Every structure is written in C-alpha cells, then in structure tokens.
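Colleague: Please find the sequence and the predicted model below.
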Amino acid sequence: MSLHQNFIAGQWVGGEAIDNINPSNTNDVVGQYARATAEDAKNAIAAAKAAFPAWSRSGPAQRHAVLRKAADEITARKEELGRLLSREEGKTLAEGIGEATRAAQIFDFFAGEALRLTGEILPSVRPGVGVEITREAVGVVGLITPWNFPIAIPAWKMAPALCYGNTVVIKPADLTPACTWALVDILHRAGLPDGVLNLVMGKGSVVGQTILDSPDVDAVSFTGSVGTGSRVAEASVRHRRKFQLEMGGKNPLVVLDDADIDVAVDCAVNGAFFSTGQRCTASSRLIVTNGIHDKFVKAMIDRLGKLTIDDALKDGTHIGPVVDQSQLDQDVDYIAIGKDEGATLAFGGERLNRESPGFYLQPALFTETTNAMRINREEVFGPVAGVIRVKDYDEALAVANDTDFGLSAGICTQSLKYATDFKRNSEAGMVMVNLPTAGVDFHVPFGGRKGSSYGSREQGRYAAEFYTTVKTAYQSAG
Ligand SMILES: NC(=O)C1=CN([C@@H]2O[C@H](COP(=O)(O)OP(=O)(O)OC[C@H]3O[C@@H](n4cnc5c(N)ncnc54)[C@H](OP(=O)(O)O)[C@@H]3O)[C@@H](O)[C@H]2O)C=CC1
Ligand SMILES: O=C(O)CCC(=O)C(=O)O
C-alpha cells in the first residue's frame, strides 16, 4: 500500500505511516497516511512564509484559474471522492457525494470571488486628499480541521484563504486525512506555486500545537471541540494573531402544535440523526409543545424503526457508523447518563452488530427530559436527542435560548407570526424555519453565537473578513 505523504514547500515528504481505518469495517484500511513531526510543521510554516510575498501579489486571474481548475476536478471526481469520504468517516455514500459536491461548489464560488475583489475610494475630509480602502491578505494562515466534515470544512477554509492571497498550512484531523490529502493533491496539480499550500497530517497535540506556538502564523481558523478551541484562543491572543473558532452546538428544534407533523418528523430525524448525529448543527434538543407532543413522539419512534443503520457504502443505509471507538464510548456514556438522570429512553441506544465489524449504534431518542439534564446541556456529538415538553411558544423560545451554545436553531410551525418571532428572537447564528437545523448552503455565512463560535463568519463573501486585513491609504494630490 503506497504511503500518502505530507506536502511541504511543493514536495511530498514522508513520515511515520498510519493506517486510516474504515469505521464501517475496521478490517478495511482506507490507506496509509504519513504522520508529520513538529519539525515538519515548522518547515511547512517556513515554506508558507517564504511563498507569501509572491502569492499575495499574484493577480486575480492566477488565483481564479487555480481555484476554478480545482473545482472542475472535484466535480468530475465527486463520486470517487464521496466514496473515499464515506469510507474514512462513515457517513452514507449519498452524504459523502453530497459533501464532495459541496466542496466543488465552494472552490467554484471562491474562484469567482477572486475576480470580484473590491475596495473603496472616498474623498478625504481634507481638500485635495484622496482615501483608498483596500483589503490585503493576512499572511500565513493555519487551518485546523475536524473529522466530521472531512472535505467540506477543509474546502471552506482553504478556498477563501487562497482566494484572498494567503499562504496555508493545513492540519486535518488525524482520523480523516484522506479527503484533505486529495484536495491538496488537486490544488497542487491545478498550478499552485510551491509553498503556497502545505499539508501536515498528524496529531493535534504535536502538529496542531506547533502551528499554535509559531510566531510566524498570522491567523488560525479552527473547527472542533470547545476545549481545543480555547487552546487556539489562548495561544492566538499570546501571539496577537487573528483567530476564528467554530465549536459545538446544542441546537434546538422547536415543534409547535400547528406544525405539519410530516415536516416536523423529517426535520427532526434528519437534523438529529443523519450523518450519525456527528454535526455541530445537529438538533439534539427537540422542544415540543403539549398539544402535538405525544403524536410527534409516536411518529418519531415509528420513523426511527424504519431506518437502516449499516455500512456507509451499502445501498439502502440511512445512517452509517460512529466515527471511532472513542466517540462511540462517549455516545454510550451519555446514553447511560440520560437514563441515570431519569429521562425515558423511548427508542434505540443499543450497540448493533452488522456483517462487517464497525462502530454501529442505534439512534437514541430520549423523552421526558428537562433542559437542565446533562444530555441537553453538553454536546454529545452522536445519534442521541432529547425531547423536552413545553406548554407553549413562549416557553419553547425560552428553553431554546437557555443554552451555552448558539449555532443553529429551528422551528416547525405553520404560523407566520411564530416563525417571524423565532427568526427575530432566537439567540443563534443560523435559524431554520420548517427545515432541519443541519445542512447549510455554501455561499452564505456560517457561524454562531455564545459558546459555539468566535470571530467573524466563515463562508460566502463574509469569509473575506477573516482572510483579509483592511488598509486605509491617504494620498495628497499635491
Ligand atoms: N464543532 C464541530 O464541528 C466539531 C466538534 N467536535 C467535538 O469535539 C469532540 C472531540 O472531538 P475531537 O476530534 O477530539 O476534537 P478536537 O477539537 O480535539 O479536534 C479538532 C482538531 O483540532 C486538533 N487538535 C487537537 N488538539 C490540538 C492542539 N493541542 N493544538 C492544535 N490542534 C489540536 C485535532 O487534531 P487530531 O484530532 O488530529 O489529534 C483536530 O484536527 C467531539 O466529541 C465533539 O463534541 C469534534 C469535531 C467537530
Ligand atoms: O450542517 C452543515 O451542513 C454543516 C455542519 C458543520 O459544519 C459541522 O457540523 O461541523
């Protein structure tokens, strides 16, 4: 089996070979990937620093051409890349191909943005003086990404970073390096100059920490856990660098008495359990008003009973495995915690055996939960959701907002009044009406409030805020 190497200063560089294991079938090795050392990470940062002056001055046409070519290749290979993704992460093949398609769309979008760089010209308050406001690249950016969206998240960080003229050191999650490796290979062949994009795979505690500790990294964009996000923040403040954090969620889906029951169940099943619940936008709190509560729970149990949990690559699978043993242990622990707290396990929560050895878990639906329970306050990051019974819309909104997080929030209702009020008063960065809390567009801002996010938004035109720095230039006519 050939070794997928790190990519530093335009060269493929070896390292300790690590097996990338398929969570649907632990006998299946997806490939061998080289674990970088701290020294490799330092070399990658030095290469990115050396490449910055030329790349930051490269024209829009060059950046457009590279990003456009990458988008075309990802589109042409979306089935293959989607399969690779599903094999290394465990989301279903449809979800994997969907995510690969999304990565192509992101590169396509930022290829266009490279041609749309703008500034402003203003008259100064002083006669005879002009003012120009422009955006410039920030410098070397460190991108630290998680395992749950192994192609979309690296894409939505790399594409804007490169589009606006930054050079990049990317460290994907140790569990899922294959998709980022494929993207880096594609971008390299699409014509990026040496050193502009560097890949260092390996452990966060070694490679990620080296990025955080380097004075030569000018900005860090991170997606992952709250704990690691705090480390990124502390190190970045120490180095007075820009940083951006996307962390957890405890996203509410409110279901009101007047909701269309089929829409509500679709939203809840998709939002809570698809992608094995491993989404920071997952609806883990289902807040349901009294009048529809029992009907909703019955319909949920009925629907969950019809779902197939199996190998991510098999036809007909609705939910693939959990990503690895340690995440499975965390999910199972939280299911035990929910029971201990007095919640009723209305469906699932059992470990499942399938033809191939994998980390299979039945979706778990708790009822009779309170918003104070740990299962409703802490991010489980698995196929586990709790139903919270409330008396009316006002209580539903209060419970929805009573959380340390604020990424995504949804409501199912046919009432324009309540939908409008929820959009206005929900303390979340993204609000969904009659749609799942998870599953977002690629061309509009993504991010949250409170403990979920820090810094400016990712994606769409709003990404420019993070990946550029503003310059105000004054010039006298004299
Ligand atoms: N908001 C989200 O999208 C995500 C949230 N999570 C939450 O986090 C929990 C744990 O998942 P986990 O993957 O361990 O999350 P982490 O926050 O540990 O991982 C995210 C990324 O940060 C890296 N990292 C870890 N330690 C450091 C460090 N000291 N310095 C720099 N980078 C570091 C990881 O490296 P590596 O893992 O390769 O060692 C990975 O690339 C999940 O159960 C879930 O609750 C997880 C993933 C995504
Ligand atoms: O819901 C989505 O489409 C994106 C979610 C996400 O980025 C995440 O869970 O990390």
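Modeller: Structure's in. What do you need? Ligands and ions are numbered 1, 2, ... in the order given.

Colleague: list the contacts for residue 68?
Modeller: Neighbouring residues of residue 68 by Cβ atoms under 8 Å, 6 or more residues apart in numbering: 107, 108, 111. Quick note: C-beta positions are derived from backbone N, CA and C, even for glycine.

Colleague: switch the cut-off to 7 Å
Modeller: For residue 68, the contacting residues are residue 111, by Cβ atoms under 7 Å, 6 or more residues apart in numbering.

Colleague: any idea how far ligand 2 is from it?
Modeller: 24 Å (Cβ to the nearest ligand atom, to the nearest Å).

Colleague: Check which helix or strand that residue maps to.
Modeller: helix 60-76 (DSSP states H and E).

Colleague: need the next SSE after that helix, C-terminal direction.
Modeller: helix 78-89.

Colleague: number of nearby residues for the closest residue to residue 23 other than its chain neighbours?
Modeller: In space, and not counting its chain neighbours, residue 23 is closest to residue 90: 4.0 Å by Cβ to Cβ, 6 or more residues apart in numbering. Neighbour count of residue 90, defined by other Cβ atoms under 10 Å: 32.

Colleague: Residue 250 too?
Modeller: 27.

Colleague: And for residue 343?
Modeller: Using other Cβ under 10 Å, residue 343 has 24 neighbouring residues.

Colleague: Look up the residues forming beta bridges with residue 454.
Modeller: residue 245 (DSSP bridges).

Colleague: Please name the residues that touch the closest residue in space to residue 275 that isn't next to it in sequence.
Modeller: Counting by Cβ to Cβ, 6+ apart, residue 275 lies nearest to residue 91, which is 4.9 Å off, once chain neighbours are set aside. Remark: with contacts taken as Cβ under 7 Å, 6+ apart, residue 91 is in contact with 275, 276, 312, 320.

Colleague: Which residues of the stretch 351-478 of the chain lie near ligand 2?
Modeller: For the stretch 351-478 of the chain, the residues in contact with ligand 2 (Cβ under 6 Å from any ligand atom) are 438, 439, 440.

Colleague: How many residues are close by the first one?
Modeller: Using other Cβ under 10 Å, residue 438 has 25 other residues around it.

Colleague: How much space separates it from ligand 1?
Modeller: Residue 438 is 11 Å from ligand 1, where distance means Cβ to the nearest ligand atom.

Colleague: Also the last one?
Modeller: As judged by Cβ to the nearest ligand atom, residue 440 and ligand 1 stand 12 Å apart.

Colleague: just checking, that residue touches residue 448?
Modeller: No: Residue 440 is beyond contact range of residue 448, at 11.4 Å (criterion: Cβ atoms under 7 Å).

Colleague: So for the two, which sits in the more crowded spot?
Modeller: residue 448 (26 against 19).

Colleague: So which residue is dead centre in the chain?
Modeller: Residue closest to the average C-alpha location in the chain (Cα atoms, centre = their mean): residue 153, at 4.9 Å.

Colleague: Burial check on the nearest residue to that residue once chain neighbours are set aside, number of neighbours?
Modeller: Of all residues not flanking residue 153 in the chain, residue 145 sits nearest, at 4.8 Å (Cβ to Cβ, 6+ apart). Per other Cβ under 10 Å, the neighbour tally for residue 145 reads 29.

Colleague: Residue 416 now?
Modeller: 9.

Colleague: Now do the same contact list for the closest residue to ligand 1 within the stretch 301-450 of the chain.
Modeller: Here the stretch 301-450 of the chain gets closest to ligand 1 at one residue, residue 381, 3.5 Å apart by Cβ to the nearest ligand atom. By Cβ under 7 Å, 6+ apart, residue 381 lies in contact with 278, 327, 330.
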